[in-house]
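**Q** Could you work out the structure for the sequence below:
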Amino acid sequence: MMPGQGVPPFDAGNGLLGEQPALLTTSIIDTPAGQRLAMTVRTPSATLTVFLHGPDAKAWAGQLGRDAARMSGAGLIVANGQIPDGQG
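**A** Next comes the predicted model:
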């Protein structure tokens, strides 16, 4: 990678990263270090779970909300097949 270039958001050369169904689940769990939000993304090719403390969970939620608000209605895929109000 050239200096000054950021890490791409995904590996465009990986055929498994095409449009696939995905499931996002969250759960608040108690750990020895305190409560964490366990956020799991499941796809046909991978499962990823991250444990976030409150401030990080809020920051991630804010970033997701901001990025989703910038998307066109055509680019938003909803798991239940419904188009949210104002997105169609």
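
**Q** now the helices: where do they sit in this protein?
**A** Ranges of helices within the chain are 54-70, based on DSSP state H.

**Q** Strands along that one, start to end?
**A** Along the chain, the segments classed as strands by DSSP state E run 23-31, 34-42, 47-52.

**Q** Pairing partners for the last one, with directions?
**A** In the sheet containing strand 47-52, the strands it pairs with under DSSP bridges are strand 34-42 (antiparallel).

**Q** one step back: now tabulate the strands of the chain in CSV and tack on mean neighbour count and distance to S72.
**A** Where you see a C-beta, it was placed from the backbone N, CA and C, and this is true even at glycine. Shown next, in CSV, are those (neighbours: other C-beta atoms under 10 Å; distance: least, C-beta to C-beta, whole Å):
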stretch, mean neighbour count, distance to S72
strand 23-31, 10, 21
strand 34-42, 14, 22
strand 47-52, 12, 26
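
**Q** With distance to W60 and mean pLDDT as added columns, please give those strands in CSV.
**A** Output for the strands of the chain, formatted as CSV (distance: least, C-beta to C-beta, whole Å; pLDDT from 0 to 100):
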stretch, distance to W60, mean pLDDT
strand 23-31, 10, 95
strand 34-42, 8, 95
strand 47-52, 6, 95
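
**Q** Which among those strands is found nearest to N14?
**A** strand 47-52 (14.5 Å; C-beta to C-beta).

**Q** mind checking pLDDT for G75?
**A** pLDDT recorded at G75 is 57.

**Q** what's the offset of stretch 8-25 from the middle of its chain?
**A** Counting by C-alpha atoms, centre = their mean, to the nearest Å, stretch 8-25 is centred 11 Å from the centre of its parent chain.
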